[in-house]
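Peer 1: Sequence first, predicted coordinates after that:
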Amino acid sequence: MTLRMLTDDDKLGEIRRLYFAATRETIAGDLDKALDLLRSMSSEEQRERATVYMEGLAEMRKDWQGRQKRR
């Protein structure tokens, strides 16, 4: 089995996948994984492309944590 390095486009695709697959139960881990991927991107331009997904993940975490505290 060979391991291949992820390109910045692969990393963006994984962040996008995490965004669309996130649930209340997985959001904390999904956001951690997305942050790791974002930090490993090679250029600022690539990081900017991921901004919308990162902001979306952060907003979901905020909304879902707020609802849990109100219960």
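Peer 2: Everything's here; your move.
Peer 1: Kindly list the longest helix within this protein.
Peer 2: Here the longest helix in the chain is taken by residue count, with DSSP state H as the criterion, and it is helix 44-70.
Peer 1: on contacts alone, who are the packing partners of it?
Peer 2: helix 8-21, helix 27-40 (3 or more Cβ pairs under 8 Å, 6 or more residues apart in numbering; DSSP states H and E). (C-beta placed from N, C-alpha, C; glycine too.)
Peer 1: Can you tell me the SS state at residue 24?
Peer 2: Look at residue 24: counting by DSSP: H, G, I helix; E, B strand; the rest coil, its state is coil.
Peer 1: State the distance from the residue lying closest to it once chain neighbours are set aside to residue 11.
Peer 2: Nearest residue to residue 24, sequence neighbours excluded (Cβ to Cβ, 6 or more residues apart in numbering): residue 64, at 4.7 Å. Distance, residue 64 to residue 11, using Cβ to Cβ, to the nearest Å: 24 Å.
Peer 1: With neighbour numbers in mind, choose between these two.
Peer 2: Counted by other Cβ atoms under 10 Å, residue 64 and residue 11 do not tie: residue 11 has more neighbours, with 22 against 15.
Peer 1: wait, doesn't that one sit right on residue 39?
Peer 2: No - counting by Cβ atoms under 8 Å, residue 11 stays clear of residue 39, with 9.9 Å between them.
Peer 1: can the helices and strands packed on helix 44-70 go into JSON lines with extra columns for mean pLDDT?
Peer 2: As requested, these are exported to JSON lines (pLDDT from 0 to 100):
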{"stretch": "helix 8-21", "mean pLDDT": "96"}
{"stretch": "helix 27-40", "mean pLDDT": "95"}
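Peer 1: Among the ones you listed, which comes closest to residue 55?
Peer 2: Closest to residue 55 of the helices and strands packed on helix 44-70 is helix 8-21 (Cβ to Cβ; 9.7 Å).
Peer 1: Identify each buried residue in that closest one, please.
Peer 2: Of the residues in helix 8-21, those buried by neighbour count under the rule 16 or more other Cβ atoms under 10 Å are 8, 11-12, 14-16, 18-19.
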